[in-house]
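J.: My questions are about this predicted structure, shown below with the sequence.
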Amino acid sequence: MKTTFTLYVISFTFFSSTIYAQVGIKTVSTHWTSGVTTTYSGTGATGNASSGFSGNTYNYRYGAIVTTPNNTELLDSFVTNLNQTFRFTGATVVKFRRVDNAFVTGLRKSLWFQQNSATTINPGATMSLVPPYDDSLERIFSVGQVFNIGIDNNFENSDVTNNNNIERVDYIVPGGVTATDGTKAGFAVFDRGAGLAHDSFYIAAIKTLDGSGNPDSYYNALLVLPGSYGNMAVTNIPYLILRKNPADAHLLMMNNSTSQQRDGTLVTFSNLGVANGSKIYGYSLFASDLPSTAAANLVDYTNTTYFPTSTAPSGGGLDQVAITGVWVTNASGVVLSDWGEELSARVSGGEVWLSWQLKTTDGLEEVTVERSGNGVDFIPLINDHSPRVGLQADFDAHPLPGTGYYRLKLVDNNGAVAAYSNICPVTVGVTATASFSIYSNPVMSGSFTLVAQGLKNEAYGLQVVDVNGREVVRRQLMGAPSLSTVVDLPGGLPPGVYMVKLADKNGVSAMVREMMVE
């Protein structure tokens, strides 16, 4: 089931661009998945700060509405004032960095879960929590799209409220990510809280990783203030906060029933000072009292000079929704490079030879070589439905005249774009002739894509005939140096061999291709 929340009145305000350079999120689109139900009995949360419930016993039930079957809400996309924005597929490693303080030591986990209804939990009663049970911060946040679970009071070190010993959170893209337009790619942070009163935090792009895959250098940190969030009253949900100390067997209740919104902000690569075309390796979040924003002071989170262990935000700390990863308004300008080495191209005998290397094919359905005449608008040229690990090569026998641009598009098992390669320009010194190809061939879906290169900017006639010369398709199309168009075949067309003809405006047959229909 897909759900779209729409806010008809934009209730955030743009102030100085140096302060509110980020953009608030106005609407979100989500869907639900199901999971297992877990039940257990236990006390309220233990440890300092006290929950006040530790002397009582409660019944805990997770996956409360699994029979619907809806319990884990996943964020698909959102809308800012820029455009609709989607999560870009790619591996992300999430690490919560800890330094023990006066009140919290060890692996404390403080999470909030959506409650089935806003019901006060009395001693001995059962609390019904919507998502399935999970007490791993790293695992929950690594999914990158979970919208009804989050961490409570991140970076809060004092004992006046729910607290922890986390000083930095890393969202690492091991192979790096590059954007050709840094205004169209960024990182989304959502906070659970009251509308227009969300928590501040610092964020910085990771410039390099060390040999162990941890952040080794940064760009300067950017402060994100409450005015950068959207205000989506429709995302208000009832929730419970739960805590698990190292000695506890399960998460235990820290607060009683409360309801709040889930609002977000998009921080773009450009906001973070990353130049177009520069590779970064993710981002890190820091507390709002970070004493130095200089990149040189962001690496060592164990240094209490730059990462104080007595952080006490007035709002209680960032209540992050488990949304992570790279979010884009235009996926064609973003490259995730953990899939393989860069695409390379060279000219030989009037042809363009292409080579690339894949490090992994896990989750990949196909790899397509795409070509463009302007470096922006790409069309498919070569398709591989059985990608394999290792060095691979292919060639373009009819390259564009002048400069052409090539890239790889990797598609995952769900049909989504998993990654793009770098864009590789090639200049051919000879005049290329017009050509076209059929994609895919044999045709099994009732339509095919005609991909043409080198056509003039004038009308062309397209004709499909059977082996007896009987016409089954006739249509007109406008030529262009690079052209891709879908051609629908009539229903019930018998399997067999057909000829596709492309003729210029004078009716002279320009090109003919054989096509098999199955």
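T.: All right, it came through fine. Everything quoted here is computed from the prediction, not taken from an experiment.
J.: so the residue nearest to I151 when sequence neighbours are not counted bridges to which residues?
T.: In space, not counting the residues next to it along the chain, I151 is nearest to Q320; the distance is 5.0 Å by C-beta to C-beta, 6 or more residues apart in numbering. Placement of C-beta: from N, CA and C, glycine included. According to DSSP bridges, the partner residues bridging Q320 are D191.
J.: Just give the number of residues close to Q320.
T.: Summarising burial for Q320: neighbours were counted as other C-beta atoms under 10 Å, giving 26.
J.: Now the element after the helix or strand of the chain with the lowest mean pLDDT, going C-ward?
T.: For the chain, the helix or strand with the lowest mean confidence is strand 2-5, at a mean of 35 (criterion: mean pLDDT, DSSP states H and E). The element immediately downstream of strand 2-5 (helix or strand, assigned by DSSP states H and E) is strand 23-24.
J.: where does I140 land on pLDDT?
T.: The pLDDT attached to I140 in the predicted structure is 96.
J.: Tell me how far it lies from V369.
T.: In this structure, I140 and V369 are separated by 37 Å, where distance is defined by C-beta to C-beta, to the nearest Å.
J.: Poorly predicted segments of the stretch 301-450 of the chain, please.
T.: Counting by pLDDT under 70, the stretch 301-450 of the chain contains low-confidence ranges at 341, 429-433.
J.: Which stretches in it count as strands?
T.: Defined through DSSP state E, counting those that start in this stretch, the strands belonging to the stretch 301-450 of the chain, from first to last, are 321-323, 326-328, 334-336, 344-348, 351-358, 364-372, 378-384, 390-396, 402-412, 417-420, 424-428, 435-439, 447-453.
J.: and if you look at the stretch 101-250 of the chain?
T.: Counting by DSSP E, counting those that start in this stretch, the stretch 101-250 of the chain forms strands over residues 109-114, 126-129, 145-151, 166-179, 185-193, 201-209, 215-218, 222-224, 237-244, given from the N-terminal end onward.
J.: could you say what helices and strands the first one packs with?
T.: Which is strand 109-114. In this structure, strand 109-114 packs against helix 137-143, strand 145-151, strand 237-244, with contacts taken as 3 or more C-beta pairs under 8 Å, 6 or more residues apart in numbering; DSSP states H and E.
J.: That one pairs with which strands, parallel or anti?
T.: Looking at strand 109-114 with DSSP bridges, its partner strands are strand 145-151 (antiparallel), strand 237-244 (antiparallel).
J.: got a list of contacts for it?
T.: 62, 73, 129-131, 135-137, 140, 148-153, 162-164, 192, 237-244, 251, 254, 319 (C-beta atoms under 8 Å, 6 or more residues apart in numbering).
J.: Mean confidence (pLDDT) on it, please.
T.: Here the mean pLDDT over strand 109-114 is 98, rounded to a whole number.
J.: again, but for the fifth one
T.: When the per-residue pLDDT values of strand 185-193 are averaged, the result is 97.
J.: Measure how that strand sits relative to strand 109-114, angle-wise.
T.: When axes from the mean of the first three to the mean of the last three C-alpha atoms, to 10 degrees is applied, the directions of strand 185-193 and strand 109-114 differ by 80 degrees.
J.: what separates strand 185-193 from the chain centre, distance-wise?
T.: Centroid separation for strand 185-193 versus its chain: 12 Å, with C-alpha atoms, centre = their mean, to the nearest Å.
J.: tell me what it is packed against?
T.: Where contact means 3+ C-beta pairs under 8 Å, 6+ apart, strand 185-193 is packed against strand 145-151, strand 166-179, strand 201-209, strand 258-268, strand 321-323, strand 326-328.
J.: coming back round to it: buried deepest among the strands of the stretch 101-250 of the chain, which one?
T.: Of all those, strand 185-193 has the most neighbours on average by mean count of other C-beta atoms under 10 Å, namely a mean of 26.
J.: Okay, angle between that strand and strand 166-179 too, please.
T.: 150 degrees.
J.: so where's the stretch 1-150 of the chain uncertain?
T.: Screening the stretch 1-150 of the chain residue by residue with the criterion pLDDT under 70, one finds the ranges 1-21, 66-69, 82, 89-91.
J.: 50 instead, please
T.: For the stretch 1-150 of the chain, applying pLDDT under 50 flags the ranges 1-20.
J.: thinking N297 is in contact with F286, fair?
T.: No: assessed by C-beta atoms under 8 Å, N297 is found out of contact with F286, at 10.4 Å.
J.: The two - which one has more neighbours?
T.: Comparing N297 with F286 by neighbour count (other C-beta under 10 Å), the higher total belongs to F286, at 24 against 17.
J.: Endpoints of stretch 394-407, how far apart?
T.: Taking C-alpha to C-alpha, to the nearest Å, the first and last residues of stretch 394-407 lie 12 Å apart.
J.: now do stretch 391-409
T.: End-to-end distance for stretch 391-409: 16 Å, by C-alpha to C-alpha.
J.: And for stretch 105-125?
T.: Using C-alpha to C-alpha, the distance between the terminal residues of stretch 105-125 is 31 Å.
J.: roughly how far out does it sit from the chain middle?
T.: Averaged over its C-alpha atoms, stretch 105-125 has a centre that lies 29 Å from its chain's centre (C-alpha atoms, centre = their mean).
J.: Would you mark the buried spots in that stretch?
T.: Counting neighbours by 16 or more other C-beta atoms under 10 Å, one finds that the buried residues in stretch 105-125 are 108-115, 121.
J.: Which one of those residues is nearest to G454?
T.: Q114 (56.4 Å; C-beta to C-beta).
J.: That closest one pairs with what?
T.: Y239.
J.: do E73 as well
T.: Going by DSSP bridges, E73 is paired in beta bridges with W32.
J.: Show the contacting residues for it.
T.: 3, 30-32, 114, 130-131, 146-148.
J.: Make JSON lines out of these and add distance to P313.
T.: Rendered in JSON lines, the data for the contacts of E73 read as follows (distance: C-beta to C-beta, whole Å):
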{"residue": "T3", "distance to P313": "31"}
{"residue": "T30", "distance to P313": "28"}
{"residue": "H31", "distance to P313": "33"}
{"residue": "W32", "distance to P313": "32"}
{"residue": "Q114", "distance to P313": "23"}
{"residue": "V130", "distance to P313": "27"}
{"residue": "P131", "distance to P313": "26"}
{"residue": "V146", "distance to P313": "23"}
{"residue": "F147", "distance to P313": "23"}
{"residue": "N148", "distance to P313": "23"}
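J.: closest to F53 among those residues?
T.: Q114 (19.2 Å).
J.: so how far is S284 from that closest one?
T.: Distance check for Q114 against S284: by C-beta to C-beta, it reads 27 Å.
J.: Tell me the spatial nearest neighbour of L489, not counting adjacent residues.
T.: Using C-beta to C-beta, 6+ apart and skipping residues adjacent in sequence, the residue nearest L489 is G446, 5.5 Å away.
J.: Go ahead and confirm that neighbour touches D488.
T.: Yes: with contacts counted by C-beta under 8 Å, G446 reaches D488, the gap being 6.7 Å.
J.: number of nearby residues for the closest residue to W356 other than its chain neighbours?
T.: Leaving aside its sequence neighbours, W356 sits nearest to L343 (C-beta to C-beta, 6+ apart; 4.7 Å). For L343, the number of neighbouring residues by other C-beta under 10 Å comes to 18.
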